[in-house]
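Student: My questions are about this predicted structure, shown below with the sequence.
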Amino acid sequence: MTKKIKFSGSPSYLFYDIESSGLNKSFDQVIQFAAIRTDVDFNPLEEINLYARLSPDVIPSPSAVIIHRIPVSQLNDKPSELEVIQKIHQLLNTPGTISCGYNNLGFDDELLRFSFYRNLLPPYTHQYANACHRIDIYPMIAMYYLHKKDTLNWPTKDGKPCLKLEQLAQYNHIDSGIAHDALNDVKATLSLAKRLKQQKKIWYYTLLYFNKQTDQQRIQALPLSTTQNHWGILVNPRLGAHHNYQCPVLLLGQHQHYRNQTIWLRLDQADLEEIYQQDISSTKAIIRKKLGEPGFVLPPKTRFTDSLSSNSKELLEHNLNWLSTQTTVLQEITEHHCNKTYPATPHLDIDAALYEQPFPSPHDTKLCSHFHKQATVTEKIALIHQFQDPKLVARAIRMMGRFYLDQLPADWQKSFSDHMSHITNQETTSTYVNHYQQARLSPQTALSEIIELKQDSSLDTHQLSLLNDLQTYIEEKY
């Protein structure tokens, strides 16, 4: 029997997609946000299409520009990033909103989370507050491919299934317009969701994996293996077509520091025995899974294990037999990975410190909320002076510099000017990084990439024009 998720208020889906200045989730920004809000039966209620001008400390990635095909010169008269992000935050936090996209949990949602953080907005409330939460059509597609294949036509590439949105839309005769335009991708995702929902049993079964409590209950209900650990079949498109988007896994336990995280050991590794006889700390076969997020762990019932390859089944049996005789080794693997914490990042940029900063105090949270309601720059400045956390003050000063530089006190203007000098100086750009040890893109690196891309004979005239447009923008601005 399937169950529907219960909501208070009037639930609605917000199908959305973003086009960004690049792939760095910490430092890049939204340049297009498109969404269609629907009722629970997918009847459209509202259509949104927003563009944002580039912030002064954001250097667009040339590779991103030739994909989304948005000329940077056409963004000059658009609203600021702050205005657009405030609107997006409001949309995702409308009570009862189920925010939904295609691979939104793999990219869009995290980039938005950093955008909210950078602009002094609560980065997580759209995940849990006011009956709001998130789903992602991309991993659901993998479930349908494996267990309800007749729902869609499945494109292939090099003899393997391809789950890219563009190919799925084309292969299923979904007219979505030009790919990588945010609104067109939203329409394609909505059309796919309508097809999926026609198969109600698997739709609601899969949908409930995005509910933390249900996900945890399903994990706890998994059978015990010969090692006395819960085990199942994890489905996640990120595992790739060569693994048929799934692998057998053994639950090591809940992480002892990151309480929303569960730790799993892959059981389809040919060299598992060799790996852990040599190095207990190896992460090659380790999967960290957050509750309520992909992958989906299915019980190892015949109807699910039948979709495993014969090789995976053989490795599963071999590895379970080996682990059942290696109690001490398994215990050491479990203790290490369930207690392993992420090291602090040296030279972490303040815009990228979301995961290493504690949650703001109630005092600062309240002031941040008031900040966005103030009409004048003077009123905003007065509130920032009342912040208790000096790192929050530094982040606020940088944010104000992006949008109100000429109206700021002299010392705040200098702070932002120093930040800009750091970005444009080839020798110091890499000094401050995000939690992945990635630096901001510098003007010099972007120009070098443009020169290299122009040598690519596969680019069309529009893409070459876009690169020239970006080159002019960078040379004139920096």
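Tutor: Okay, I see it.

Student: Quick check, pLDDT for the residue most central in space within the chain.
Tutor: In the chain, the centroid-proximal residue (CA atoms, centre = their mean) is Phe107; its distance is 2.9 Å. Looking at Phe107, its pLDDT is 97.

Student: Surely it is in a strand?
Tutor: No: counting by DSSP: H, G, I helix; E, B strand; the rest coil, Phe107 is not part of a strand but helix.

Student: Please determine how far the closest residue to it other than its chain neighbours is located from Pro409.
Tutor: Once flanking residues are discounted, Phe107 sits nearest to Lys25: 7.2 Å by CB to CB, 6 or more residues apart in numbering. For glycine as for every other residue, the C-beta is placed from the backbone atoms N, C-alpha and C. Between Lys25 and Pro409 the computed distance is 31 Å (CB to CB, to the nearest Å).

Student: Look at the two and report which has more neighbours.
Tutor: Ranked by neighbour count (other CB atoms under 10 Å), Lys25 and Pro409 place Lys25 first, with 22 against 12.

Student: still on that earlier bit, kindly confirm whether my reading is correct that the residue nearest to the centre of the chain touches Asp28.
Tutor: No: at 10.5 Å, Phe107 does not count as touching Asp28 under the criterion of CB atoms under 8 Å.

Student: where exactly do the helices run in the stretch 101-250 of the chain?
Tutor: Assigned by DSSP state H, counting those that start in this stretch, the stretch 101-250 of the chain shows helices spanning 109-118, 137-147, 165-171, 182-197, 200-207, 212-220.

Student: Dump the C-alpha coordinates for the longest one into CSV.
Tutor: Okay, so that is helix 182-197. Output of helix 182-197 as CSV, limited to C-alpha atoms (Å, rounded to 0.1, in the frame of the first residue of the first chain):
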residue,chain,number,x,y,z
ALA,A,182,16.1,27.3,-17.9
LEU,A,183,12.4,27.7,-18.8
ASN,A,184,12.5,25.1,-21.5
ASP,A,185,14.2,22.6,-19.2
VAL,A,186,11.5,23.3,-16.6
LYS,A,187,8.8,22.5,-19.1
ALA,A,188,10.6,19.3,-20.1
THR,A,189,11.0,18.2,-16.4
LEU,A,190,7.3,18.9,-15.8
SER,A,191,6.3,16.9,-18.8
LEU,A,192,8.5,14.0,-17.6
ALA,A,193,7.0,14.2,-14.1
LYS,A,194,3.5,13.9,-15.6
ARG,A,195,4.5,10.7,-17.4
LEU,A,196,6.0,9.3,-14.3
LYS,A,197,3.0,10.1,-12.1
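
Student: average pLDDT for it?
Tutor: Helix 182-197 comes out at a mean pLDDT of 96.

Student: And the last one, by the same measure?
Tutor: Confidence over helix 212-220 (mean pLDDT, whole number) is 97.

Student: chain center to it, what's the gap?
Tutor: Between the centre of helix 212-220 and the centre of its chain there are 22 Å (CA atoms, centre = their mean, to the nearest Å).

Student: Give me the buried positions along it.
Tutor: In terms of neighbour count (16 or more other CB atoms under 10 Å), helix 212-220 has its buried residues at 212, 214-215, 218-219.

Student: quick check, nearest of these to Val433?
Tutor: Nearest to Val433 among the buried residues of helix 212-220 is Lys212, at 31.0 Å by CB to CB.

Student: Does the closest one touch Leu291 like I think?
Tutor: Yes: applying CB under 8 Å, one finds Lys212 in contact with Leu291, separated by 4.4 Å.

Student: Mind listing the shared neighbours of those two?
Tutor: Asn260 (CB atoms under 8 Å, 6 or more residues apart in numbering).

Student: and the helix or strand containing Ile88, what does it pack onto?
Tutor: In this assignment (DSSP states H and E), Ile88 forms part of helix 81-92. Secondary-structure packing of helix 81-92 (3 or more CB pairs under 8 Å, 6 or more residues apart in numbering; DSSP states H and E): strand 12-20, strand 30-38, strand 44-51, helix 109-118, helix 390-404.

Student: Just send those back as TSV, with distance to Pro95 too.
Tutor: TSV is the format used below for the helices and strands packed on helix 81-92 (distance: least, CB to CB, whole Å):
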stretch	distance to Pro95
strand 12-20	9
strand 30-38	13
strand 44-51	14
helix 109-118	18
helix 390-404	27
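
Student: Report how many residues lie close to Met400.
Tutor: 24.

Student: From here on, call the first residue 476.
Tutor: Let's use 476 as the start, then, which means that last one is Met875.

Student: How many residues are close by the closest residue to it other than its chain neighbours?
Tutor: For Met875, ignoring the flanking residues on the chain, the nearest one in space by CB to CB, 6+ apart is Leu883 at 5.8 Å. Counted with other CB under 10 Å, the neighbours of Leu883 add up to 19.

Student: contacting residues around Leu883?
Tutor: 852, 856, 872, 875-876, 891.

Student: Most neighbours among those, which one?
Tutor: Met875 (24 neighbours).

Student: Next one: it, what pLDDT does it get?
Tutor: pLDDT at Met875 comes out at 98.

Student: Wait, it touches Lys855, no?
Tutor: Yes: under the criterion of CB under 8 Å, Met875 makes contact with Lys855 at 6.9 Å.

Student: Name the nearest residue to Asp824, ignoring sequence neighbours.
Tutor: Tyr907 (4.1 Å).

Student: Run a quick check on the one you found versus His897, I expect a contact.
Tutor: Yes: between Tyr907 and His897 there is a contact under CB under 8 Å: 7.2 Å.

Student: neighbour count winner among those two?
Tutor: Tyr907 (20 against 17).

Student: wait, what's in contact with that one?
Tutor: So Tyr907 contacts 822-824, 897, 914-915 (CB under 8 Å, 6+ apart).

Student: Throw those residues into TSV and include pLDDT and distance to Trp629, thanks.
Tutor: Formatted as TSV, these follow (pLDDT from 0 to 100; distance: CB to CB, whole Å):
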residue	pLDDT	distance to Trp629
His822	92	45
Leu823	95	42
Asp824	96	42
His897	91	48
Ala914	92	39
Arg915	93	39
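
Student: OK, contacts around the nearest residue to Ala510 once chain neighbours are set aside?
Tutor: Distance criterion CB to CB, 6+ apart; nearest residue to Ala510, sequence neighbours excluded, is Tyr491 at 3.9 Å. For Tyr491, the contacting residues are 508-511, 566-567, 574-576, 579, 583, 657, 661, by CB under 8 Å, 6+ apart.

Student: any idea how far Asp824 is from Gln832?
Tutor: If you go by CB to CB, the gap between Gln832 and Asp824 works out to 12 Å.

Student: Give me the more crowded residue out of these two.
Tutor: Neighbour totals were compared for Gln832 and Asp824, and Asp824 leads with 21 against 15 (other CB under 10 Å).

Student: per-domain residue ranges of the protein.
Tutor: Domain ranges of the chain: 487-681, 694-814, 825-887, per automatic domain parsing.

Student: low pLDDT regions in the stretch 626-775 of the chain?
Tutor: Low-confidence segments of the stretch 626-775 of the chain, defined by pLDDT under 70: 651-654.

Student: Next, the buried residues of the strand or helix carrying Ile750.
Tutor: For Ile750, the host element (DSSP H and E) is helix 747-753. By neighbour count with 16+ other CB under 10 Å, helix 747-753 contains the buried residues 747, 750-751.

Student: Good, we can wrap up now.
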